[in-house]
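Visitor: Pasting the sequence and the predicted model now:
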Amino acid sequence: ELKMHLQECFPITNTGIKTLSTTLGSLRQISKLDIDFGLCDNLTNDGLSLLALGIQRLRSLTYLNLNFAKCEYLTDNTLQSLALSIRGLPHLIYLMLNFSKCDLLTNNSIKAVSSSLKLLRNLSQLHLYFRGCNSIDDIGVEALSTALHELKGITDLTLDFSKCTEITGLSLSSLALAIKEMNFLSSLIIGFDGCLEIDDLGFQHLNTAIYGLKQLNILNLHFYGCTQIGDTGIESFAATLKELHSLGQLTLSFSKCSNISDASIKSLSQALSGLKFLIDLKISFEQCKLITNEGLKEFAEAVKNLNKLTILNLFFRGCDTIGDTGFQALAASIKELKLLTDLKLGLQECKFLSNAGVQYLADAIKELKVLSILSLFLEDCVLVDDTGLEYIANSVKQIPILNDLLLGLQKCKMITDNGIATLNSSFKTLEQLATLSIYVDECENLTDASIDNLSKTLQEMKNLVRVYLDFNGCYFISADALPKLKEDLSNHKFLSICV
């Protein structure tokens, strides 16, 4: 096994790659190769062609992980050389290729990789990343889909074409034809964030393919900003989700899909309630402004039934028609999830969330006695003040095993030194806390008193390793206060303070 993490090693040139290639040629018995060249801007086609020759000699490889993310000078010629080397690895079981943000790559790169993939009959785990490669479109994805037809033994599949802006719903339709033949698939991760031309029809075709994957345990779908996906597409997905009885992990990102409404939430909730083995649920509906309290109530009712959940991450940033009534329902459901160890709630810019809503959530959180990770994002929740912080403080101090706490309070302009002091007092009881993140950017009423209080408490917290503090835009904090805070907390292994 050989691992080389060379990310951001800018001095690497073709001479170094030639040496590496020669070395690889002498290691013909290794079975695992993992090389990270991310952000190595000096890599060129010539150098990578040399590397491909070295890899071609490793015919015993079963595991190959190559990261070239943001190597911006790589072209189709590079991929063609690499693809030729891969087709000579008959024992390959695991393959990960990351070419995200390699802007010069085109459909020809996908075609070259695809022509080699279909020869790898033992391949069971495939992970391909072409995020931000804007010259790739439906033609490239169709070529990949044709190759995937030949790989019916795949168990883990990741495809990321996020921000490939020329891609349309036709890509989902072509991928669907291949995916529906993968009867052994247990993990499917699909990324099309920012592909604005993807629509309900393409999404429906993908859902039809997923419908038959009875062994699926992990499903991640990312469609951030795909504004042509709406209630029709989500209702189709919900019908599919009802059949995935073995699902243990579900991640859905439909943020900025502005046509999604309560109708989507209702159908999705009905499907979720039947997933009795789900332990990890992450859903993002940020900026979906048609979702209201009624939709959140439906969703909360479904979540309450998922009593095996250990991880729950929900993001409703900018859903500004949701208020305290909706969050009260959500809190009542969270309270029942006694096995939760990781809870993240993204409620930024929910302008109707007040101290009352925070109290509902805080009262639920304090019942989660095995919670070790808690993140509350309340940025720009303008109705939250010191009273809301008091509710949070009273909650967290009743969770003694809390290990990681993040509070995002940016632009909560009614927060004062008294609120920070109340929070600060609760930290003293968190003996196992290792990571603390507090973001109070643009909380304009804070003064040096908040800094002094935090400094005294954090110095006493012996298990605290990582501290992230952001006071940017707190204009009443003096120029001397933060340097002193950095000095006081210099014993922490990782300290980040922004002003």
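Guide: Structure's in. What do you need?
Visitor: so where's the stretch 1-150 of the chain uncertain?
Guide: Confidence mapping of the stretch 1-150 of the chain against pLDDT under 70 gives the ranges 8-11, 13-14, 42, 44.
Visitor: quick one: secondary structure of Leu172?
Guide: Put simply, Leu172 is helix when judged by DSSP: H, G, I helix; E, B strand; the rest coil.
Visitor: so how far is Thr158 from Arg28?
Guide: Counting by Cβ to Cβ, to the nearest Å, the separation of Arg28 from Thr158 is 29 Å. From N, CA and C alone the C-beta is placed, and that goes for glycine too.
Visitor: how about the closest residue in space to Asp138 that isn't next to it in sequence, what does it touch?
Guide: Closest residue to Asp138 apart from its sequence neighbours, by Cβ to Cβ, 6 or more residues apart in numbering: Leu170 at 4.4 Å. Neighbour list for Leu170: 138, 141-142, 202 [criterion: Cβ atoms under 8 Å, 6 or more residues apart in numbering].
Visitor: mind listing the strands for the stretch 101-250 of the chain?
Guide: Under the criterion DSSP state E, counting those that start in this stretch, the stretch 101-250 of the chain contains strands at 125-129, 156-160, 187-191, 218-222, 249-253.
Visitor: for the third one, packing partners?
Guide: If you count contacts as 3 or more Cβ pairs under 8 Å, 6 or more residues apart in numbering; DSSP states H and E, strand 187-191 packs onto strand 156-160, strand 218-222.
Visitor: Could you dump these into TSV and include distance to Lys3 and mean pLDDT?
Guide: TSV is the format used below for those (distance: least, Cβ to Cβ, whole Å; pLDDT from 0 to 100):
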stretch	distance to Lys3	mean pLDDT
strand 156-160	20	98
strand 218-222	24	98
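Visitor: how about a markdown table for those, with distance to Gln287 added?
Guide: Shown next, in a markdown table, are those (distance: least, Cβ to Cβ, whole Å):
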| stretch | distance to Gln287 |
| --- | --- |
| strand 156-160 | 21 |
| strand 218-222 | 15 |
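Visitor: Asp262 is in contact with Ile234, correct?
Guide: No: counting by Cβ atoms under 8 Å, Ile234 stays clear of Asp262, with 10.9 Å between them.
Visitor: What residues of stretch 452-470 count as buried?
Guide: By 16 or more other Cβ atoms under 10 Å, the buried positions in stretch 452-470 come out as 452-455, 457-458, 461, 464, 467, 469-470.
Visitor: can you tell me which of the residues you listed lies nearest to Gly248?
Guide: Distance to Gly248 across these (Cβ to Cβ) is lowest for Leu464, with 32.8 Å.
Visitor: list the contacts for the closest one?
Guide: 433-436, 458, 492.
Visitor: out of those residues, which are inside strands?
Guide: Within the contacts of Leu464, residues falling in strands by DSSP state E are 435-436.
Visitor: Which one among the contacts of Leu464 sits at the bottom for pLDDT?
Guide: Lowest in pLDDT among those is His492, which has 71.
Visitor: Spatially, what comes nearest to that one if we skip its sequence neighbours?
Guide: Nearest one to His492, counting by Cβ to Cβ, 6+ apart, is Val467 at 5.3 Å.
Visitor: Now the one you found: which helix or strand?
Guide: If you go by DSSP states H and E, Val467 is part of strand 466-470.
Visitor: was I right about Asp385 contacting Gly419?
Guide: Yes: applying Cβ under 8 Å as the test, Asp385 and Gly419 come out as touching, 6.9 Å apart.
Visitor: returning to that earlier point: compare Ile234 and Asp262 and say which one has the larger neighbour count.
Guide: Neighbours of Ile234 and Asp262, each counted by other Cβ atoms under 10 Å, are more numerous for Ile234; the result is 27 against 21.
Visitor: So the more buried one versus Ser375, what's the distance?
Guide: Ile234 is 26 Å from Ser375, by Cβ to Cβ.
Visitor: ok, how many other residues are close to Gln125?
Guide: 16.
Visitor: Roughly how far does it sit from Ser478?
Guide: 55 Å.
Visitor: what do you get for Lys297?
Guide: Lys297 is 47 Å from Ser478, by Cβ to Cβ.
Visitor: neighbour-wise, which of those two wins?
Guide: Neighbour count, other Cβ under 10 Å: between Lys297 and Ser478, Lys297 has more, with 21 against 12.
Visitor: Need the nearest residue in space to the more buried one, chain neighbours excluded.
Guide: Per Cβ to Cβ, 6+ apart, closest to Lys297 is Ala329, 4.3 Å.
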